[in-house]
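Chemist: Fold the following and give me the result.
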Amino acid sequence: MTIAAPAPLSAIDLAVREARLDLAAAHRVAVWHDFAEGIYNHFTVAVPRREDQFLVPAFGLHWSEVRTSDLLTVDFEGQVVDGAGILQRSAYCIHAPIHAANPKHAAVLHTHMPHAGALLRLQEPFLLPLGQTEALVLDQIAYDHEYDGLARDWAEGERLARILGEKTILFMGNHGVLVTGRTVAEAYDRLYTLERAARVQLYALWTGRPLKPLSAPQLEKAQRQFHQTPLHDAAATHYKPGYQLHFEALRRLLDRREPDYRD
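Modeler: Residues are numbered from 1 along each chain as shown. Here you go, the predicted structure:
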């Protein structure tokens, strides 16, 4: 008896599969980078080609054990439409309104990571234009200065979405950070860059010596180069942005060290 080969996945199915792999991978590497708080905080990604659903791990899993099979599909009404497990309320109340507000926020990553979190405890919780790394993210930051308790209702997510607007980074005062992207790869690279910039700023502050910020022309030039000039010399047909190359490298490491994230 001949066993028929499985039917090839459609383009949509392939996109969903890759989104699931990327989201599971992001949780694993976030543990490596000290962005995680055990079972708390939340990373989500919109389900490709579906306007009102997103993926999120079942609550209660440590981020170091998240697998693709642990992801729930949740709609904007807060109903689990696929997957087994429980949904953390704040993961829905923060993320669903932000996903709904703008398709550019396809991936939404919320953490209480330590260095950016330390800045958010200061009287003036701003990332300063002290160097090149900061220049890469400064124009993307929105600030929420009105901490309003735990995010356990939709209205709080709507408030955060309004403050975020077209930006992709939200400094949530006295709380944590939220970073978005059109893909998990883009959002994760942005989250990584943000935490590195916050760490360097704290180190500079700890010296107690005078800071040397970039001038306005220096900042403008660095941002223009970042947005308008190529990063490398690959041909256009093979060109990948830095965030994609970075995340693919992280996925390769993960494939060797913790391949069960794919299960």
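
Chemist: Secondary structure element for Val56, which one?
Modeler: In this assignment (DSSP states H and E), Val56 forms part of strand 53-57.

Chemist: And the next helix or strand past that strand?
Modeler: For strand 53-57, the succeeding helix or strand toward the C-terminus, using DSSP H and E, is strand 71-75.

Chemist: Packing partners of that following strand?
Modeler: Other elements packing on strand 71-75 under the criterion 3 or more C-beta pairs under 8 Å, 6 or more residues apart in numbering; DSSP states H and E are helix 11-32, strand 53-57, strand 80-82. Every C-beta, even on glycine, is put in place using the N, C-alpha and C of the backbone.

Chemist: quick revisit: direction included, what does the strand holding Val56 pair against?
Modeler: Paired strands of strand 53-57, with direction, are strand 42-46 (antiparallel), strand 71-75 (antiparallel) (DSSP bridges).

Chemist: Just want the angle from that strand to helix 11-32.
Modeler: Angle, strand 53-57 to helix 11-32, by axes from the mean of the first three to the mean of the last three C-alpha atoms, to 10 degrees: 40 degrees.

Chemist: neighbouring contacts of strand 53-57?
Modeler: 19-20, 23-24, 27, 42-47, 63, 66, 70-76, 81, 85, 87-88, 91-92, 95-96, 99, 108 (C-beta atoms under 8 Å, 6 or more residues apart in numbering).

Chemist: Tell me the helix or strand right after the host helix or strand of Val200.
Modeler: Assessed by DSSP H and E, Val200 sits inside helix 184-206. Sequence-wise, the next helix or strand downstream of helix 184-206 (DSSP H and E) is helix 216-228.

Chemist: By neighbour count, which bits of that following helix are buried? Give me those.
Modeler: Burial within helix 216-228, assessed by neighbour count using 16 or more other C-beta atoms under 10 Å, is assigned to Leu219, Ala222, Gln223.

Chemist: is it true that the last one touches Ala135?
Modeler: This means Gln223. Yes - counting by C-beta atoms under 8 Å, Gln223 touches Ala135, with 5.7 Å between them.

Chemist: For Leu150, what are phi and psi?
Modeler: When read as degrees, to the nearest 10, the backbone of Leu150 gives phi -70, psi 140.

Chemist: Quick check: pLDDT value at it.
Modeler: Per-residue pLDDT puts Leu150 at 84.

Chemist: that older thread, quick check: which of the helices and strands packed on strand 71-75 is nearest to Val179?
Modeler: Closest of the helices and strands packed on strand 71-75 to Val179 is helix 11-32, at 11.0 Å (criterion: C-beta to C-beta).

Chemist: got any ranges where the chain has weak pLDDT?
Modeler: 1-8 (pLDDT under 70).

Chemist: And the residue nearest the centre of it?
Modeler: With distances taken as C-alpha atoms, centre = their mean, the residue of the chain nearest its centroid is Leu109 (3.3 Å).

Chemist: still on that earlier bit, export the buried residues of helix 216-228 to JSON lines and append columns for distance to Ala142.
Modeler: Output for these, formatted as JSON lines (distance: C-beta to C-beta, whole Å):
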{"residue": "Leu219", "distance to Ala142": "18"}
{"residue": "Ala222", "distance to Ala142": "20"}
{"residue": "Gln223", "distance to Ala142": "16"}
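
Chemist: Tyr243 against Glu186, yeah?
Modeler: Yes - if you go by C-beta under 8 Å, Tyr243 and Glu186 touch, sitting 4.7 Å apart.

Chemist: Assign Asp260 to helix, strand or coil.
Modeler: Under the three-state scheme (DSSP: H, G, I helix; E, B strand; the rest coil), Asp260 adopts helix.

Chemist: what about it, neighbour count?
Modeler: Counted with other C-beta atoms under 10 Å, residues neighbouring Asp260 total 13.

Chemist: What distance do you get for the nearest residue to it once chain neighbours are set aside to Gly165?
Modeler: Setting aside the residues directly before and after it, Asp260 is nearest to Arg67 in space (C-beta to C-beta, 6 or more residues apart in numbering), at 6.2 Å. Distance of Arg67 to Gly165, given as C-beta to C-beta, to the nearest Å: 34 Å.
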